[in-house]
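K.L.:
sequence plus the predicted model coming up.
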Amino acid sequence: MFFKDKHCPTCPGSGTQVFRPLNTEERKAVKPEHRQLTDLWRCTAVDCRWYQRWSKQSDGGQLPEDLKNPGAAPE
């Protein structure tokens with residue numbers, strides 16, 4: 001079974017957040033070592049910029065400040 005919620009290491013609290021796949025603009029902004037990966041997802045929480053591989057939380061990073069979620073609803 002596939003779930004969209006994962007733990008976000010940068011969001012407050014101990015709960016989970018909804019993640020969605022990166023869009024084209026976000027994909028261009030990831031770290032160079034992540035650009036070839038196809039399984040990158042981002043947290044949809046308000047003001048969050050965290051992205052990660054679906055199966056490996058430690059292999060993630062922060063998107064630039066201009067890509068912060070303004071109040072985005074999960075897609």
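P.N.:
Great, that's in hand.
K.L.:
buried sites along the strand of greatest length in the chain?
P.N.:
The longest strand of the chain (DSSP state E) is strand 56-62. Buried residues in strand 56-62, defined by neighbour count with 16 or more other Cβ atoms under 10 Å: residue 60. In short, each C-beta sits where N, CA and C put it, glycine included.
K.L.:
ditto for stretch 58-74
P.N.:
Buried residues in stretch 58-74 (16+ other Cβ under 10 Å): 60, 63, 67, 69, 72.
K.L.:
what does stretch 11-21 give?
P.N.:
11, 17, 18, 19.
K.L.:
what does stretch 37-47 give?
P.N.:
In stretch 37-47, counting by 16+ other Cβ under 10 Å, buried: 40, 41, 42, 43, 44, 45.
K.L.:
let's have the buried residues of stretch 58-74 in TSV, adding pLDDT and distance to residue 52.
P.N.:
Shown next, in TSV, are the buried residues of stretch 58-74 (pLDDT from 0 to 100; distance: Cβ to Cβ, whole Å):
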residue	pLDDT	distance to residue 52
60	90	3
63	94	11
67	91	15
69	82	15
72	50	17
